[in-house]
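K.L.:
The sequence and its predicted three-dimensional model are supplied below.
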Amino acid sequence: MNNHVTVLEIDANAVLHNLNYFKQKLNPETKILAVVKAFGYGSDAVEIAKILENKVDYFAVAYSCEGIALRKAGIKLPIIVLYPQKQNMRDIVNYLLEPNLYSFELLDAFLDFTYEEEIKGYPIHIEFNTGLNRLGFSNLDVPRLVTKLKEVESLSIRSVFSHLVASEDLGEVEFTNNQINTYKNIIEQFTWLMGYRPTTHMLNTSGVVNYSDTNFDMVRVGIGIYGFGNHPEVTSRLKNVFTLKSVISQIHSIGKGETVGYNRAFCASKPIKSATIPVGHADGISRKLGNKNGYVTINNKIAPIIGNVCMDIIMVDVSGIDCKAGDEVIIFNHQDQINYIADKCETISYEILTGLSQRIKRVIKK
Ligand SMILES: *Cc1c(COP(=O)(O)O)cnc(C)c1O
């Protein structure tokens, strides 16, 4: 049981609001897959899955252990494992997870396993690479793949999908439209050779925002559920899910010429008051936020981080802020602040969220 005073509050109503924002952009019959990989983008995958289980059609995780955690918590909805490994086949089947078989090597390994175990009709998914060059069969593989799939009884193909390279980048509309067309051609060929049309999905969050007229059967929404639209206008319509907060441990009076923190990185040019807060780079607060690049909010006033971020601790300048040990500290409670942190760390919201370590206590606000 985590009893840390630094907590990440997760707003369940905001999650539902965000899901509905994407739902109203889609045809009512379009299915929704909620992506809950990487601890639900740093939140709490099990809690997010419980909030969404009756409101979406599918979940996806990256690795099988993430799916196992959901099953152990009683989640019954189908779960795609986007990035299964050969070593995990038995676990995948034991926990009724649905692997994405993205190569002949993986497909053959899974087929061998299903023969040995005499499994019939096991639900699987097939990914095609249409430009990301990360995972998936090539469009040239369709005939050979279909010939193989038609022979087997041990598998049941639940979907054939692909993934966009730059759905958020309106400078890449032409590339993206080419990708969508490549995928549509794959689906046509697959349907013709296989004799039926598989369930299709290609769009992630920004795909839904920018290409919602593609009319595939399902969409895969990740970051959007967690409050980020990869565009200020979209994000402003989503509700903030994450509040990271802590408490002041100690106040110090720093005299002129004294320094604060490791390697004396902050030196007081005049007397100041500092507060010490129990959160550090081991929690996901990057060292790039030290030396006044980042700030926290205490009693509604901004307190810059001074000196270097320590592993477990930061110090902030609270000169002029009426505060004492035990007072609440907000590290962030709005998407704009998370995006600000991401900018300062030269990264994207995804990395800030998923980088929040498991040491931070998660609390669901209902
Ligand atoms: C992570 C992931 C998603 C979700 O993307 P968002 O941009 O977070 O919506 C969708 N599909 C695949 C294959 C992914 O790996």
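P.N.:
It's in.

K.L.:
What are the buried residues along stretch 203-218?
P.N.:
Neighbour-count burial for stretch 203-218 flags 203-211, 214, 216-218 (criterion: 16 or more other CB atoms under 10 Å). Heads up, the C-betas are built off the backbone N, CA and C, glycines and all.

K.L.:
which residues are contacting that stretch?
P.N.:
The contact list for stretch 203-218 (CB atoms under 8 Å, 6 or more residues apart in numbering) reads 22, 25-27, 30-33, 35, 57-58, 159, 163-164, 167-168, 170, 173, 176, 180, 199-202, 219-225, 228-231, 234.

K.L.:
tell me, how many neighbours does the residue nearest to Arg264 when sequence neighbours are not counted end up with?
P.N.:
Leaving out its chain neighbours, the residue that sits closest to Arg264 by CB to CB, 6 or more residues apart in numbering is Gly307, at 7.9 Å. Counted with other CB atoms under 10 Å, residues neighbouring Gly307 total 22.

K.L.:
Was I right to think Gly307 contacts Cys267?
P.N.:
No. At 9.0 Å, Gly307 does not count as touching Cys267 under the criterion of CB atoms under 8 Å.

K.L.:
Now the closest residue to Leu155 other than its chain neighbours. Its backbone dihedrals?
P.N.:
Of all residues not flanking Leu155 in the chain, Ile124 sits nearest, at 5.1 Å (CB to CB, 6+ apart). For Ile124, the backbone dihedrals (degrees, to the nearest 10) come out as phi -140, psi 170.

K.L.:
again with Asp283
P.N.:
Per-residue torsions, Asp283: phi -90, psi -10 (degrees, to the nearest 10).

K.L.:
again, but for Arg359
P.N.:
Per-residue torsions, Arg359: phi -70, psi -30 (degrees, to the nearest 10).

K.L.:
Next one: it, what pLDDT does it get?
P.N.:
Looking at Arg359, its pLDDT stands at 97.

K.L.:
where do the helices sit along the chain?
P.N.:
12-23, 37-41, 45-52, 64-72, 89-94, 104-116, 142-151, 173-194, 205-210, 232-237, 335-344, 349-354 (DSSP state H).

K.L.:
thinking again about what came up before, in strands, which of the contacts of stretch 203-218 appear?
P.N.:
Within the contacts of stretch 203-218, residues falling in strands by DSSP state E are 31-33, 35, 58, 159, 200-201, 219-221.

K.L.:
Quick check: the nearest residue to Phe113 once chain neighbours are set aside vs Leu8, distance?
P.N.:
Spatially, and ignoring its direct neighbours in sequence, Phe113 is nearest to Met89 (4.6 Å; CB to CB, 6+ apart). According to CB to CB, to the nearest Å, Met89 and Leu8 sit 34 Å apart.

K.L.:
one step back: now the helices of the chain in CSV, with distance to Lys256 and mean pLDDT?
P.N.:
Converted to CSV, these look like this (distance: least, CB to CB, whole Å; pLDDT from 0 to 100):
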stretch, distance to Lys256, mean pLDDT
helix 12-23, 45, 98
helix 37-41, 44, 98
helix 45-52, 48, 98
helix 64-72, 52, 98
helix 89-94, 61, 98
helix 104-116, 64, 97
helix 142-151, 72, 97
helix 173-194, 57, 98
helix 205-210, 50, 98
helix 232-237, 42, 97
helix 335-344, 28, 98
helix 349-354, 35, 98
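
K.L.:
okay if I get those as CSV plus distance to the ligand?
P.N.:
Below are those laid out as CSV (distance: least, CB to the nearest ligand atom, whole Å):
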stretch, distance to the ligand
helix 12-23, 9
helix 37-41, 6
helix 45-52, 13
helix 64-72, 12
helix 89-94, 17
helix 104-116, 15
helix 142-151, 19
helix 173-194, 13
helix 205-210, 3
helix 232-237, 12
helix 335-344, 14
helix 349-354, 7
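
K.L.:
Make CSV from these and add distance to Phe128 to it.
P.N.:
As requested, the helices of the chain are exported to CSV (distance: least, CB to CB, whole Å):
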stretch, distance to Phe128
helix 12-23, 23
helix 37-41, 20
helix 45-52, 27
helix 64-72, 21
helix 89-94, 21
helix 104-116, 13
helix 142-151, 8
helix 173-194, 5
helix 205-210, 15
helix 232-237, 27
helix 335-344, 31
helix 349-354, 23
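
K.L.:
wait, which of these is closest to Leu135?
P.N.:
Closest approach to Leu135 among the helices of the chain is made by helix 104-116 (9.4 Å; CB to CB).

K.L.:
Look up the pLDDT of the residue in the stretch 51-200 of the chain positioned nearest to the ligand for me, please.
P.N.:
Residue nearest to the ligand within the stretch 51-200 of the chain: His163 (4.3 Å; CB to the nearest ligand atom). Note on His163: pLDDT of 98.
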